[in-house]
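**Q** When you get a sec, could you give me coordinates for this:
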Amino acid sequence: MKKQILTTTLLSLLITTPSMAKDAVVGFPMVKTITNETNPKPLNPNGETLTDSIKKAQDAKKSIKKEETKITTDEISVKKEANPYEKYKEEESSFSIDGFQLGVGIGALGGVNAQIGYRIPQSSKNFWKNRFGFRFDYNTWTPLENQINKFMEDNPIEIDGNKLTAIIEGKQFGGLIDFYPFGNTWGLGNIRISGGYYTGDFSIGASLNKNANESFTMKDEEGHEIQYTVDGNATLTALMNYDVTGPYAGIGFDFALFWGLKFYVDAGLVFTDKPNIITDINGKGNLEICYNSSCETHPIDTDNEEIQQLLNDTKREYEKELDELRKGYFPMAKIGILFRF
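**A** Residues are numbered from 1 along each chain as shown. Predicted coordinates:
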């Protein structure tokens with residue numbers, strides 16, 4: 001009975017005193033209980049519904065978060081601009097000597113071989129990386145000339161009773177591009193196909209040294225033997241001279257030893273013109289020339305007609321003997337040690 005009376009009293013107060021009802025709504029002090037037919041929902045002082053107010057507050061919160069993110073990004077940009085060395089450090093750290101190589105070796109016809117090159121390091125993201133490289137290659141006999149000349153003088157080659165001293169000289173320089181078809185495949189990855197261009201020269205031949213009263217024989221164009229006797233001293237030289245200038249094609253491989261140290265082998269051809277035969281004579285005194293028991297004496301001078309005939313006969317003999325070797329290519333073969341970083 002008391003509960004019913006209390007409820008009735010509260011309802012009466014709500015109906016008769018709207019201002020008291022406003023304060024009775026706990027937690028919503030901003031909401032009025034004023035209602036009308038067109039808008040039955042409670043309104044705030046600005047005329048917005050509670051749902052609109054909440055949505056407006058959420059939008060404002062999102063806007064604040066965007067501003068904070070923008071400020072943070074701007075601060076990072078300012079820091080990077082304030083310290084340009086950081087950008088330089090990033091660029092500097094990208095440089096690496098990985099793939100560079102240095103090598104030294106010996107060639108069959110090239111002499112001492114020195115090379116510097118680069119092979120693109122392995123990359124799992126790029127199929128073609130580690131399959132290409134380049135080299136600059138240099139061959140020369142200069143460091144070995146003294147040792148070779150001394151050896152040849154001590155060990156002359158004897159042909160038809162004549163002791164000949166061998167001569168070998170030359171140098172070549174080339175630029176090569178290497179293709180490794182097997183990439184980094186174990187056991188096959190160091191096989192390469194090379195192509196490029198060389199320029200230089202190479203000479204190989206022999207010299208005949210004669211002193212006073214020493215004789216030697218040569219055949220003329222018709223095959224008749226002519227005897228030459230030196231009165232003084234004379235050196236007759238014949239060389240096969242290559243102009244080693246042309247495109248190169250070859251193959252090779254590297255064999256890993258330990259760390260970056262490798263053993264290398266290369267073989268290929270430089271496509272060029274046929275070599276020329278060059279003859280010359282130097283000395284002092286006279287040269288007695290005998291043919292069919294008839295002898296004549298002439299000074300050792302290349303302008304002399306008879307001496308020039310001797311040089312022509314010598315050249316013809318060499319061309320005949322070396323015809324099979326006089327091809328339009330120059331072979332190269334070399335081995336050595338290289339270190340690749």
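
**Q** List the buried residues in stretch 285-293.
**A** 286-287, 289-290 (16 or more other C-beta atoms under 10 Å). For the C-beta atoms, the positions are set from N, CA and C on the backbone; glycine is no exception.

**Q** Please enumerate the helices of the chain.
**A** 2-16, 18-24, 50-82, 85-93, 145-154, 305-321 (DSSP state H).

**Q** Spit out the contact partners of residue 205.
**A** Residues near residue 205 by C-beta atoms under 8 Å, 6 or more residues apart in numbering: 166-167, 237-240, 278, 318.

**Q** one more time with 10 Å
**A** 164-169, 237-241, 277-279, 318, 322 (C-beta atoms under 10 Å, 6 or more residues apart in numbering).

**Q** To what extent is the nearest residue to it once chain neighbours are set aside buried, counted in neighbours?
**A** Nearest residue to residue 205, sequence neighbours excluded (C-beta to C-beta, 6 or more residues apart in numbering): residue 239, at 3.5 Å. Other residues near residue 239 number 20, with proximity taken as other C-beta atoms under 10 Å.

**Q** Also residue 267?
**A** 15.

**Q** Isn't it up against residue 192?
**A** No: contact criterion C-beta atoms under 10 Å: residue 267 and residue 192 do not qualify, at 11.5 Å.

**Q** what sits in contact with each of these two?
**A** Shared contacts of residue 267 and residue 192, defined by C-beta under 10 Å, 6+ apart, comprise 250-252.

**Q** can I assume residue 285 is in contact with residue 212?
**A** Yes: contact status for residue 285 versus residue 212: in contact at 7.5 Å, counting by C-beta under 10 Å.

**Q** pretty sure residue 140 contacts residue 104?
**A** No: between residue 140 and residue 104 no contact is recorded; they are 11.8 Å apart, counting by C-beta under 10 Å.

**Q** out of the two, which sits in the more crowded spot?
**A** residue 140 (19 against 12).

**Q** Please parse the chain into its domains.
**A** Segmentation of the chain into domains, based on automatic domain parsing, reads 2-82, 100-340.

**Q** Buried deepest among the ones you listed, which one?
**A** Among the domains of the chain, domain 100-340 has the highest mean neighbour count (mean count of other C-beta atoms under 10 Å), at a mean of 16.

**Q** Please state the offset of it from the chain centre?
**A** Its chain's C-alpha centre and that of domain 100-340 lie 27 Å apart, by C-alpha atoms, centre = their mean, to the nearest Å.
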